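>>> Kindly return the folded structure for what I paste below:
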Amino acid sequence: MNNDDSGRSDAPAPVAGSRRWFVGRLTLLAFSLPAASALLAACGGGSSSPPTGTTVSSSSSSPSSQPSSSGTPSGTSAAAATTTVKPKTGGTLTVAIASDIIGTDPQGASAGIDRSIYTALYNGLVAPAANLGIVPDLAAKWETPDPQTYVFTLQPNVKFHDGTACDATAVKFNFDWILDPKNASARASEIADLQSVTVVDPQTVKFSLKDVFAPFLSIISDRAGYILSPDARNKYGKDLTHHPVGTGPFQFVEWVKSDHLTLKKFDGYWQSGLPYLDQIIYRPITDSSVALTNLKTNTINFLDNINPSDIASIKSDSSLVYWEGLGVGYTGLWLNTATGPLANQSLRLALSLAIDREALLKVAYFGVGQIAAGPIPPSSWAYDASYPVVKQDLTKAKQALATGEKPNGFTMTLKTDTTPQGSKICQLIQEQIKPVGIDATIQTLDFGALLNAGSAGDFDAMSLGWSGRVDPDGNIQPIFQVGGTFNYGKYKNTTVEQLIGQERTTSDQASRIKIFQQLQSTINDDVAYIFTYFAPTIYASTPAVKGFKVTADGLMRFKETWLQS
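Numbering: from 1, shown residues only. Below you'll find the model as predicted:
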C-alpha cells in the first residue's frame with residue numbers, strides 16, 4: 001500500500017494491488033520507450049520554476065490533452081466510455097476505496113488514500129497537468145520577477161464552502177499556519193524554503209523564498225498548497241478533519257468511519273457549470289474481490305482497488321470499463337536504519353539481494369507493472385532507463401551477512417497492512433529470504449496503525465509504498481532527508497543531504513537530472529529502502545461513468561465526471 005504521503009497516489013502507500021499505496025501510481029510495463037519519449041517531450045521542462053520574468057496564466061498554460069498511452073479506458077466498453085456526448089448533471093457516484101481514510105485535513109494527515117478526497121474538497125493556487133506540468137488553479141496567473149519570488153493573481157470571487165472569501169489573506173493564513181511550529185503540520189518540511197507570504201492586495205499574494213527552490217510549484221500543487229477556510233480552521237482547530245471546508249467542487253456531508261464518506265455538489269463552485277455530479281460516496285472495501293463483485297452488481301460505480309489478477313477479466317468484461325495510466329510513485333520495503341538488525345548496511349544489502357523481484361512481479365502482480373530500480377519512475381523526466389534493477393543473488397547475500405557479522409542470518413519483523421495482497425507479497429518475501437538465514441515474522445496492521453508504527457520507528461521493515469510526486473524531489477526528500485516528514489527509517493547520509501540541497505537550488509533541468517541520478521545511486525548503494533515495484537494507475541468502472549480522466553499523479557478527480565443513465 002502507499003503511504004502517502006506513502007496510496008495512490010502522500011504518506012506511505014499500501015502494498016501493490018491496493019490503490020492506496022504509498023506507491024503513488026506507477027507506470028505500466030506495457031508503456032513502451034517510444035511512448036515514454038513522447039510523454040517526456042510533451043512535459044517540456046522538468047523544473048517547476050519558469051524562467052525569471054515569466055508570466056504564466058490560465059490562457060497560456062491550459063492542461064495539455066492526455067497522452068494516448070495514458071488515462072484512457074480500454075476493453076469492450078471503451079467506445080461507449082469515450083463517446084462525445086453532452087455531460088448530464090445529477091446522480092450519485094459511489095466509489096470503492098481500498099481502506100478507510102485517515103483524515104480530511106491535508107495540512108495534518110499523511111495517508112495516500114486521503115489525497116483523492118482532497119481533490120474533491122480543495123483547490124491549490126496551482127495544479128498538476130496531465131503531462132506532469134503545472135497549470136493555474138486558484139491563481140489565474142503568476143509571475144516570477146526573480147528566481148526567489150512568485151507573485152500570484154487570484155481568480156475573482158472565489159468562496160469557501162462556508163461562504164467566506166478565498167482571498168490573498170486566506171492564502172497567507174494557510175501557509176503561515178503550516179510554517180508555525182506549534183501546529184506541527186506534516187507539510188512544514190515541504191515548504192521550509194518559504195521565507196514569507198505577503199498580501200499585496202485582496203487578489204494578489206507574493207511568495208518570497210529563502211533561495212532558489214526548483215520544486216516549489218510542484219510542491220504547492222499538492223497538499224502543502226491546498227487552501228482551507230481560515231474561519232473553519234479557527235473554529236474547529238484539531239477537529240477540522242471532521243469539518244473540512246475548502247473551495248473544491250464538492251463539500252463535506254458526513255464521515256462514518258469504516259463505512260462511508262459522503263460529499264455533495266458545491267453549488268457556489270467558482271468554475272461555472274461544474275461539477276456535474278450531485279454527490280460522491282466513498283466506501284472503504286478492503287477486499288478487492290468483494291469490491292469487484294460490488295462493481296459487477298452496480299452496488300458501486302467506480303473501483304479504486306484492483307487486484308492485478310483481476311485485470312484480464314475486467315478488460316474482457318463488456319459490462320465493465322478498465323482505465324489505466326501513468327504514475328509517479330514506487331513500492332517496496334521501508335527499512336529502519338537507526339535501530340534493529342537493519343541499522344547495519346551489510347544486513348540491509350543481504351536482505352535486498354535475497355529478494356527475487358522478478359518472481360514478485362510475476363506471482364504477486366501477474367506481470368502487470370515493472371520492477372523498480374529506484375525512487376524515480378519511468379514517467380519522470382529524471383528517469384534513468386540504464387540504471388540496473390537488483391537481481392537476486394543468494395551467494396552475494398550470504399557474503400553480505402558475513403560482512404555484517406551475521407553469517408548464519410538474523411531475525412526481523414516485516415509489517416504490512418491487512419489486505420490479501422499485502423500478506424501475499426510479504427509471504428513471498430519471507431520464503432525468498434529464508435535460504436540465506438533471514439527469518440522474518442510477518443505482522444499485519446490496519447493501514448492507520450501501520451503508518452503510526454512507521455512514524456514511531458516501531459518496525460524493522462514495512463511493506464509500504466510512496467504515492468509519488470510530480471517533481472522527483474518529492475519522491476526523495478520527504479523520505480531520505482534528515483528531518484523529512486516521512487523519514488520513518490531515520491535514514492542519514494551526508495552525501496544525500498548535500499545532493500538534495502543541490503537539486504533544490506538548481507533551476508536547470510539537465511543539471512538536476514544528473515544530481516537525481518547521483519541521489520538514486522547513493523540511496524541504492526546504502527540500501528536505504530528496498531525498491532521492488534512500479535505499479536500502473538488502474539481503475540475500473542461501470543459504463544455509465546463518463547468524463548473521467550486518469551491523471552499522472554494517480555489521484556481520482558471527479559469534477560468533470562458524470563453519469564449516463
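>>> residue contacts, residue 558?
By Cβ atoms under 8 Å, 6 or more residues apart in numbering, the residues touching residue 558 are 93, 119-120, 249-250, 275, 277, 280, 548. To be clear about C-beta, it is placed using only N, CA and C from the backbone, and glycine gets the same treatment.
>>> quick one: it and residue 263, what's the gap?
Note on residue 558: its distance to residue 263, by Cβ to Cβ, to the nearest Å, is 9 Å.
>>> do the same with residue 309
Per Cβ to Cβ, residue 309 is found 31 Å from residue 263.
>>> Tell me which of those two has more neighbours.
Using other Cβ atoms under 10 Å as the criterion, residue 309 and residue 263 rank with residue 263 on top: 26 against 17.
>>> tell me the contacts of residue 185?
The neighbourhood of residue 185, defined by Cβ under 8 Å, 6+ apart, consists of 107-108, 177-179.
>>> make it 7 Å
107-108, 178 (Cβ atoms under 7 Å, 6 or more residues apart in numbering).
>>> Then residue 294?
Contacts here follow Cβ under 7 Å, 6+ apart; on that basis residue 294 touches 96, 285, 300.
>>> OK, contacts around the first one?
The contact partners of residue 96, taken as Cβ under 7 Å, 6+ apart, are 283, 285, 291, 294, 300, 303-305.
>>> next one: the second one
Taking Cβ under 7 Å, 6+ apart as the criterion, residue 285 is in contact with 96, 291, 294, 305.
>>> Give me the pLDDT for it.
Here the pLDDT value assigned to residue 285 is 94.
>>> returning to what we had before: residues that sit against both of residue 558 and residue 263, list them.
Contact criterion Cβ under 7 Å, 6+ apart; residues shared by residue 558 and residue 263: 120, 280.
>>> Show me the helices in the stretch 151-300 of the chain, by range?
Using DSSP state H, counting those that start in this stretch, the helices of the stretch 151-300 of the chain run over residues 168-179, 216-220, 230-236, 288-296.
>>> Dump those helices into CSV; add mean pLDDT as well.
Listed next are these as CSV, based on pLDDT from 0 to 100:
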stretch, mean pLDDT
helix 168-179, 98
helix 216-220, 95
helix 230-236, 97
helix 288-296, 95
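>>> What are the boundaries of the helices in the stretch 451-565 of the chain?
For the stretch 451-565 of the chain, applying DSSP H, counting those that start in this stretch gives helices covering 477-480, 494-504, 509-525.
>>> that older thread, point out the most buried one among the helices of the stretch 151-300 of the chain.
Stretch with highest mean neighbour count among the helices of the stretch 151-300 of the chain: helix 216-220 (a mean of 27; mean count of other Cβ atoms under 10 Å).
>>> So which residues make contact with that helix?
The contact list for helix 216-220, computed with Cβ under 7 Å, 6+ apart, reads 48-49, 124-126, 134, 190-191, 209, 225, 469-471, 474.
>>> Turn those residues into CSV, including neighbour count, distance to residue 460 and pLDDT.
Shown next, in CSV, are these (neighbours: other Cβ atoms under 10 Å; distance: Cβ to Cβ, whole Å; pLDDT from 0 to 100):
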residue, neighbour count, distance to residue 460, pLDDT
48, 21, 36, 44
49, 21, 40, 49
124, 27, 37, 98
125, 26, 41, 98
126, 27, 39, 97
134, 25, 39, 91
190, 27, 27, 87
191, 20, 32, 92
209, 19, 39, 97
225, 28, 35, 97
469, 29, 27, 87
470, 27, 32, 86
471, 30, 31, 91
474, 26, 26, 90
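>>> sec struct for residue 406, please.
The local conformation at residue 406, judged by DSSP: H, G, I helix; E, B strand; the rest coil, is coil.
>>> hang on, isn't it packed against residue 347?
Yes. In this structure, residue 406 is within contact of residue 347 by Cβ atoms under 7 Å, at 6.1 Å.
>>> the more surrounded of those two?
residue 347 (24 against 18).
>>> where's the more buried one, which helix or strand?
Taking DSSP states H and E as the definition, one finds residue 347 inside helix 345-354.
>>> could you say what helices and strands that helix packs with?
helix 394-403, helix 420-433, strand 438-444 (3 or more Cβ pairs under 7 Å, 6 or more residues apart in numbering; DSSP states H and E).
>>> Using JSON lines, lay out the contacts of residue 185 together with distance to residue 165.
As requested, these are arranged in JSON lines below (distance: Cβ to Cβ, whole Å):
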{"residue": "107", "distance to residue 165": "20"}
{"residue": "108", "distance to residue 165": "23"}
{"residue": "178", "distance to residue 165": "20"}
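>>> Tell me the one among these nearest to residue 313.
Proximity of these to residue 313 (Cβ to Cβ) peaks at residue 108, which lies at 39.4 Å.
>>> what about the closest one, which SS state?
Look at residue 108: counting by three-state DSSP, its state is coil.
>>> what residue ranges in the protein are flagged as low confidence?
Residues of the chain that meet the criterion pLDDT under 70 lie in 1-55, 58-84, 109-110.
>>> 80 - rerun?
Along the chain, the model assigns pLDDT under 80 to residues 1-84, 109-112, 130-132, 326, 552.
>>> Can you mark which positions in the very next helix or strand once past the helix holding residue 347 are buried?
Next helix or strand after helix 345-354 toward the C-terminus (DSSP H and E): helix 357-359. By neighbour count with 16 or more other Cβ atoms under 10 Å, helix 357-359 contains the buried residues residue 357.
>>> Residues in contact with helix 357-359: which ones?
Identification of contacts with helix 357-359 by Cβ under 7 Å, 6+ apart yields 371, 389-390, 428, 532.
>>> Switch those residues over to CSV; also include neighbour count and distance to residue 216.
Formatted as CSV, the contacts of helix 357-359 follow (neighbours: other Cβ atoms under 10 Å; distance: Cβ to Cβ, whole Å):
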residue, neighbour count, distance to residue 216
371, 17, 32
389, 15, 32
390, 20, 33
428, 16, 40
532, 29, 31
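>>> Closest one to residue 354 out of these, please.
So of these, ranked by how close each gets to residue 354 (Cβ to Cβ), first place is residue 390, at 10.2 Å.
>>> Give me the neighbour count for the residue lying closest to the closest one once chain neighbours are set aside.
Among residues not flanking residue 390 along the chain, residue 352 sits closest, at 5.7 Å (Cβ to Cβ, 6 or more residues apart in numbering). Using other Cβ under 10 Å, the number of residues around residue 352 comes to 25.
>>> how far away is residue 352 from residue 450?
From residue 352 to residue 450 the distance is 21 Å (Cβ to Cβ).
>>> Likewise for residue 220?
Note on residue 220: its distance to residue 450, by Cβ to Cβ, is 28 Å.
>>> Which of the contacts of residue 558 fall within strands?
Those of the contacts of residue 558 mapping onto strands are 93, 250, 280, per DSSP state E.
>>> contacting residues around the second one?
By that I understand residue 250. 120-121, 263-266, 275, 280.
>>> same question, the last one
Taking Cβ under 7 Å, 6+ apart as the contact definition, residue 280 lies against 93, 95, 120, 250, 263, 558.
>>> what's around the first one, how many residues?
Using other Cβ under 10 Å, residue 93 has 25 other residues around it.
>>> Go ahead and confirm it touches residue 561.
Yes. The pair residue 93 / residue 561 is scored as a contact, 6.5 Å apart, by Cβ under 7 Å.
>>> Find residues that contact each of those two.
Here residue 93 and residue 561 share the contacting residues residue 277, scored by Cβ under 7 Å, 6+ apart.
>>> Now do the SS call for residue 376.
Going by three-state DSSP: residue 376 is coil.
>>> Distance check, it against residue 238.
Applying Cβ to Cβ to residue 376 and residue 238 gives a distance of 36 Å.
>>> What's the local residue count around residue 426?
Residue 426 has 24 nearby residues by other Cβ under 10 Å.
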